[in-house]
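Peer 1: structure, please.
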Amino acid sequence: GPLTAVANIPISNNMHVINLRCFFAPLYLVLLLLLPFLAISESPPFSDCDVETYYSSLSPVDSSTSQQEIRSLLKSTHRRNLPYTSSDKEDTWDALSDLDAGTESGTVRLIYAETEAVAEDSGEDGRSWNREHLWPKSHGVGYTGADFTDIHHLRPSDTNVNSARGNKYFSNCGVVADFDECRSPAHQEAAATTATDSQVWLPPESVRGDIARSLFYMEYRY
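Peer 2: Here you go, the predicted structure:
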């Protein structure tokens, strides 16, 4: 699945680019002179995201790179914190709509259901999906700070399936609770390869690697 590089980690080539507003000169003569050059411009993508150079400050792979070195790198290159929700600025809704876009135009891919939903707010009923914190808020993220809005661990999710997961840890059934409690799929709207019991949640097979990398990042970043 596409993991964003908002924190400037070269996990994916998907960069979220902001459109700049057009500028129109107020004077007629100036407008005539500038008209051929007026256009919507885009800000350049983040620099220094190449995987070959991003980790160059760390010790060689065959030596003992310390956790602190990795944490320092992640923190120093985290250049931007998106607002969770904003009416006039690019926020996490916008980022997820781009980075987890479905195969159909204007949709997002739901991480636990492996289906697609309309990305934009439909009006009175709102969106049919919400933002899943892979690292649950109740396990240390909270409701403020960069960790709350970090796109590395936010993914679009079916609202009902997200509620069913709650704050359960990711794992196979039978590790904590009795295997007899296991049910699959984990929810009637979840993908067939999901499972859950009273303590744990097993995500779809296709995204388990993505989720593991997201949690690894969160552990080291925060």
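Peer 1: next secondary structure after the helix or strand bottoming out on mean pLDDT in the chain?
Peer 2: When the helices and strands of the chain are compared on mean pLDDT, DSSP states H and E, helix 28-34 comes out lowest with a mean of 38. Heading C-terminal from helix 28-34, the first helix or strand you meet, by DSSP states H and E, is helix 51-54.
Peer 1: pull the number of nearby residues for Gly166.
Peer 2: 10 (other C-beta atoms under 10 Å). Heads up, the C-betas are built off the backbone N, CA and C, glycines and all.
Peer 1: mind listing what it touches?
Peer 2: Pro136 (C-beta atoms under 8 Å, 6 or more residues apart in numbering).
Peer 1: for Val200, same thing?
Peer 2: Lys168, Tyr169, Phe170, Ser171, Asn172, Cys173, Val175, Val176, Ala177.
Peer 1: is it bridged to anything, and to what?
Peer 2: Tyr169 (DSSP bridges).
Peer 1: can you check the pLDDT for it?
Peer 2: The model reports Val200 with a pLDDT of 96.
Peer 1: repeat for Gln67
Peer 2: On the pLDDT scale, Gln67 gets 86.
Peer 1: test my guess that it contacts Tyr220.
Peer 2: Yes: contact criterion C-beta atoms under 8 Å: Gln67 and Tyr220 qualify, at 6.7 Å.
Peer 1: neighbour count: the two, which is higher?
Peer 2: Tyr220 (15 against 9).
Peer 1: can you tell me the SS state at that one?
Peer 2: helix (DSSP: H, G, I helix; E, B strand; the rest coil).
Peer 1: wait, it sits on Ser72?
Peer 2: No: contact criterion C-beta under 8 Å: Tyr220 and Ser72 do not qualify, at 10.0 Å.
Peer 1: go ahead and flag the most central residue of this protein.
Peer 2: Ile151 (3.3 Å; C-alpha atoms, centre = their mean).
Peer 1: from Glu189, how far out is it?
Peer 2: As judged by C-beta to C-beta, to the nearest Å, Ile151 and Glu189 stand 24 Å apart.
Peer 1: what's the answer for Asp88, then?
Peer 2: Applying C-beta to C-beta, the value for Asp88 to Glu189 is 33 Å.
Peer 1: same check on His152?
Peer 2: 25 Å.
Peer 1: how about Val141?
Peer 2: For Val141, the distance to Glu189 - C-beta to C-beta - is 25 Å.
Peer 1: which stretches in the chain count as helices?
Peer 2: Secondary structure of the chain (DSSP state H): helices located at 28-34, 51-54, 67-76, 92-99, 146-149, 159-165, 208-221.
Peer 1: list the buried residues in the third one.
Peer 2: Neighbour-count burial for helix 67-76 flags Ile70, Leu73, Leu74 (criterion: 16 or more other C-beta atoms under 10 Å).
Peer 1: again with the second one
Peer 2: Applying a neighbour-count criterion of 16+ other C-beta under 10 Å, the buried positions in helix 51-54 are Tyr54.
Peer 1: then it to PDB, C-alphas only?
Peer 2: The C-alpha coordinates for helix 51-54 follow below in PDB (Å, rounded to 0.1, in the frame of the first residue of the first chain):
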ATOM      1  CA  VAL A  51      16.800   6.200  -0.600                       C
ATOM      2  CA  GLU A  52      20.500   6.000  -1.500                       C
ATOM      3  CA  THR A  53      21.200   9.400   0.100                       C
ATOM      4  CA  TYR A  54      18.500   9.600   2.900                       C
END
